[in-house]
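> predicted structure and sequence below. I'll ask about it afterward.
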Amino acid sequence: MRVLIVEDEPDLLRSLTQALQEEGYAVDGAADGETGLFNAQNYAYDAVLLDVMLPKLDGWEILRRLRKTKKTPVLMLTARDQPKDRVRGLDTGADDYVVKPFDLAELFARLRALIRRSAGRTSNVLAVGDVVIDTGARQVSRGGQAVALTAREYALVEYLALHQGEVVTRTALYEHLFDENESTLSNLLDVHVSNIRKKLGAEFITTRRGHGYCVGGAA
Amino acid sequence: MILQSIRWRLQLWYGLVFLALLTGFGVTAYALLRNVQLRHLDGEFQRRIGPLSMSLRPPRPAFFSFFPNQFTNSPGPPPGGPRLGRGGRRGDQEDQGGRGDRGVDFPGGGPPGEPGFARPDGPGFQFRLPPEQTALFGSESNSFYYVVWAPGGQELARSDAAPRAVPPPPAAGAAAGPAEPRMRGVYREIYRATPGGGAVLVGRSIAEELAGLRRLAWELAAAGGVVLLLGSTGGWWVATRAIRPIEDISATAVKIAAGDLSQRISAADTDSELGRLAAVLNSTFARLEAAFAQQQQFTSDAAHELRTPITVMLAQTQTALARERGAAEYRATVQACQRAAQRMRKLMESLLELARLDAGQETLKRMPFDLAKTAGDSVELLAPLAEARGLKIHCAVPALPCVGDPERMGQVVTNLLGNAIEYNQESGQVRITGERQGGTVILSVSNSGPGIAAEDLPRIFERFYRTDKARSGSGGHTGLGLAISKAIVEGHGGSLEAASQPGKGATFTLRLPG
């Protein structure tokens, strides 16, 4: 999963980025409104964490402009907790609303729910054959046996499972699993796929040559 | 209570006044009509009573022998009559006595006026009514009637319509001439004493007129009742209309009391008394709402400013504690927490300072000091910052002695200078000038920065107002600096103003009473 954080408070941006990376997300940060809007419009994020009070462009304006072209789930971060501010945020097109100060655990839970909903799922638990993925606990089991995955491997499995039955292109995987600092030209993806096949069975991920990868069902 | 309602009280008073007016009108109309009728009647009486009294003639021979003085002394009719009557009392004594006897010994013995009673001509008085006069006294129940008495009180004649019992004249012969008409039951009557000591009476039954008047009275009462009802309905309508603005005001006030400060009284007619009241109340409500909104905004801004560092601390610590970290990572977390705490401390100090300035509790010293020296100290303090940004500070301030709190004024000048340095362009300039104009000391701080946008200019002294809608994390600004500076300067009785042309820098002008 790849998320964008638009937050002008450097210490907060830094700790949110670190915490989300440790949760297995690919994270891009933007410290002002213009950069934030540019990133949100030009990359395929699974979610955007958007602060309201920002230099250059405020959160409302970013949201308004973004909604003209993209449906990326947006979670507003704001210190304003008046009901009218929440209403305004949700009416402008925000998908959720978290008031500062927040607990990281709650923020992450809301983020997961947001991504799950945008993929059309209602449960935290995804099943592909005998492989079960608990996105809340970030754990994968096969035939009832817990399987240990690295954060990046888990992210790849989760993303494919969220889109099971569909062919997911390599580009899409790069876009959603790697942040802008990581090279998309490396064969990092092949290494991860090969490792996952070792752990969850070779048939778990099918390769559609020239198209991409697929999990579960036959699309 | 229904009587506590202004509308009901208005209605009650209105009804009472209306009732009094209607009653007065009715009574007056009734009395006027009655008077007109009676006056007309009295006129008719006068027309008849003259000839009537002329028709009562004293006896010729007997009269002269009996009252030898009467016609020799005074041949004329009244007003000589009564005086003569009284004057002749000496001579009358015997006569009266005799008359009394005669009355008792009246032939036939029956009371005067009885049918079949023979008209007495004993004393010789004669009553002959000319026929054309007779026609004026009919026999109907509402016809005029007459009764004629001889001087002794004997009834000489009466017309057919005369009621049976007509009291004799009050004192026959006592007062000649017409008396006032009087009412006796349903009869209107008038006496006239004749010169000879007799009396005539003309009267008429006015039972019909009285019945008519009574009917009129009832009709007036009924009409009055209807008018009162209509008037009260109209009054209710008028009271309702008059009360409506008051009810509007009251309803609005209730809503405002319930917490909705945005409510306003709808006052279309602003020139009326209530319209003016509504306008005054509305402007008061508007000021109240603005003050309330400002207060709310301030509190909300202050909370907002505190939320950000708390969010940083929470996120930093929770991230750090999520797993084992190296010493360097912990160190970074602690440093971030320290920065957040320092920011909160600064904000808290600023808020407290503003609160004290607002409440007038901040005791500003009053001592003579040189504003030029204060400016010089600030320049010295901030020179390294300016140098780091490649800026030049030109300070040309002559000695500016004034009275106040040098420490606080130093804070103000440092704040202005700090802003001039921070919101400047690369290798720009900052200029401080001072002068004295009359009793006012003026210090200006201007820079060559991008200036302040026109829409921001009027608001830059507002609390937490920032030209850029963001926290400036690195600068550590609370957004209260200019607000505090303005409060301090105004606490000195001075003023702080900003002027700017976008692209050409900004100038802050400080004026203090010297």
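Noted; the coordinates are in hand. Numbers count the residues shown, from 1 in each chain, chains lettered A, B, ... in the order given.
> please make it C-alpha for all contacts and neighbour counts, starting now.
OK.
> what residues does chain A put near chain B?
With C-alpha under 8 Å from any C-alpha of the partner chain as the criterion, chain A meets chain B at residues A:8-12, A:15-16, A:18-19, A:53-56, A:58, A:79-80, A:100-104.
> just the residues you listed: which are in helices?
A:10-12, A:15-16, A:18-19, A:104 (DSSP state H).
> contacts for stretch B:297-316?
Applying C-alpha atoms under 8 Å, 6 or more residues apart in numbering or on different chains, the set of residues contacting stretch B:297-316 from outside is A:11-12, A:15-16, A:79-80, A:100-104, B:333, B:336-337, B:340-341, B:343-344, B:347, B:351, B:463-464, B:478.
> of the residues you listed, buried ones?
Buried residues within those, counting neighbours by 16 or more other C-alpha atoms under 10 Å in any protein chain shown: A:11-12, A:15-16, A:79-80, A:100-102, A:104, B:333, B:336-337, B:340-341, B:343-344, B:347, B:351, B:463-464, B:478.
> quick check: the residue of chain B nearest chain A.
Closest residue of chain B to chain A, C-alpha to the nearest C-alpha: residue B:311 (4.3 Å).
> so which helix or strand takes in that residue?
helix B:273-321 (DSSP states H and E).
> what about the closest residue to chain B within chain A, distance to residue B:315?
Taking C-alpha to the nearest C-alpha, chain B has its nearest neighbour within chain A at residue A:101, 4.3 Å off. From residue A:101 across to residue B:315, the span is 9 Å (C-alpha to C-alpha, to the nearest Å).
> and residue B:197, by the same measure?
135 Å.
> tell me which of the two has more neighbours.
residue B:315 (27 against 22; other C-alpha atoms under 10 Å in any protein chain shown).
> can you add distance to residue A:127 and pLDDT and give the ones in helices among the residues of chain A next to chain B back as a markdown table?
Formatted as a markdown table, these follow (distance: C-alpha to C-alpha, whole Å; pLDDT from 0 to 100):
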| residue | distance to residue A:127 | pLDDT |
| --- | --- | --- |
| A:10 | 39 | 88 |
| A:11 | 38 | 88 |
| A:12 | 35 | 91 |
| A:15 | 32 | 91 |
| A:16 | 30 | 93 |
| A:18 | 29 | 91 |
| A:19 | 27 | 92 |
| A:104 | 27 | 92 |
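> quick one: average pLDDT of stretch B:40-53?
For stretch B:40-53, mean pLDDT is 85.
> buried sites along that stretch?
Buried, per 16+ other C-alpha under 10 Å, within stretch B:40-53: B:41-42, B:45-46, B:48-49, B:52-53.
> relative to the whole chain's centre, how far out is that stretch?
Centroid displacement of stretch B:40-53 relative to its chain, using C-alpha atoms, centre = their mean, to the nearest Å, is 58 Å.
> so what touches it?
Stretch B:40-53 has contacts (C-alpha under 8 Å, 6+ apart) with B:129, B:133, B:136, B:181, B:190, B:192-194, B:199-203.
> again with stretch B:445-462
Under the contact criterion C-alpha under 8 Å, 6+ apart, stretch B:445-462 has outside partners B:416-417, B:420-421, B:423-425, B:428-433, B:465-467, B:480, B:482-483, B:486, B:498-509.
> cool, stretch A:141-156 as well?
A:1, A:22-25, A:130-133, A:138-140, A:173, A:177, A:192-193, A:195-196, A:199-200.
> residue A:133 - that's part of a strand, no?
Yes. Counting by DSSP: H, G, I helix; E, B strand; the rest coil, residue A:133 is part of a strand.
> contacting residues for the nearest residue to it once chain neighbours are set aside?
The shortest distance from residue A:133 to any residue other than its chain neighbours is 4.5 Å, reached at residue A:140 (C-alpha to C-alpha, 6 or more residues apart in numbering or on different chains). Contact analysis of residue A:140 by C-alpha under 8 Å, 6+ apart lists A:131-134, A:146-149, A:154.
> how about 10 Å then?
By C-alpha atoms under 10 Å, 6 or more residues apart in numbering or on different chains, the contact set of residue A:140 is A:125-127, A:131-134, A:146-149, A:154, A:157-158, A:200.
> also residue B:208?
B:141-142, B:186, B:214.
> anything in the following helix or strand past the helix holding residue B:311 near chain A?
Counting by DSSP H and E, the next helix or strand C-terminal to helix B:273-321 is helix B:327-359. Yes. Applying C-alpha under 10 Å from any C-alpha of the partner chain, one finds helix B:327-359 in contact with chain A at B:332-333, B:335-337, B:339-340.
> and residue A:49, which of the three is it?
Applying three-state DSSP: residue A:49 is strand.
> identify the bridge partners of it.
Per DSSP bridges, the residues bridged to residue A:49 are residue A:5, residue A:75.
> the residue lying closest to residue A:51 once chain neighbours are set aside and residue A:116, how far apart?
Once flanking residues are discounted, residue A:51 sits nearest to residue A:77: 4.6 Å by C-alpha to C-alpha, 6+ apart. Between residue A:77 and residue A:116 the computed distance is 19 Å (C-alpha to C-alpha).
> between those two, who's got more neighbours?
residue A:77 (24 against 17).
> point out where chain A drops to low pLDDT.
A:183-186, A:217-219 (pLDDT under 70).
> can you list the domains in it?
A:2-118, A:125-215 (automatic domain parsing).
> need the winner for burial among these.
Mean neighbour count, computed with mean count of other C-alpha atoms under 10 Å in any protein chain shown, is highest for domain A:2-118 among the domains of chain A, reaching a mean of 19.
> just the terminal-to-terminal distance for that domain.
Chord length of domain A:2-118, first to last residue, is 13 Å (C-alpha to C-alpha).
> from the chain's centroid, how far away is it?
Worked out by C-alpha atoms, centre = their mean, domain A:2-118 lies 12 Å from the chain centre.
> where in the stretch 301-450 of chain B is pLDDT low?
Ranges of the stretch 301-450 of chain B meeting pLDDT under 70: B:361-362.
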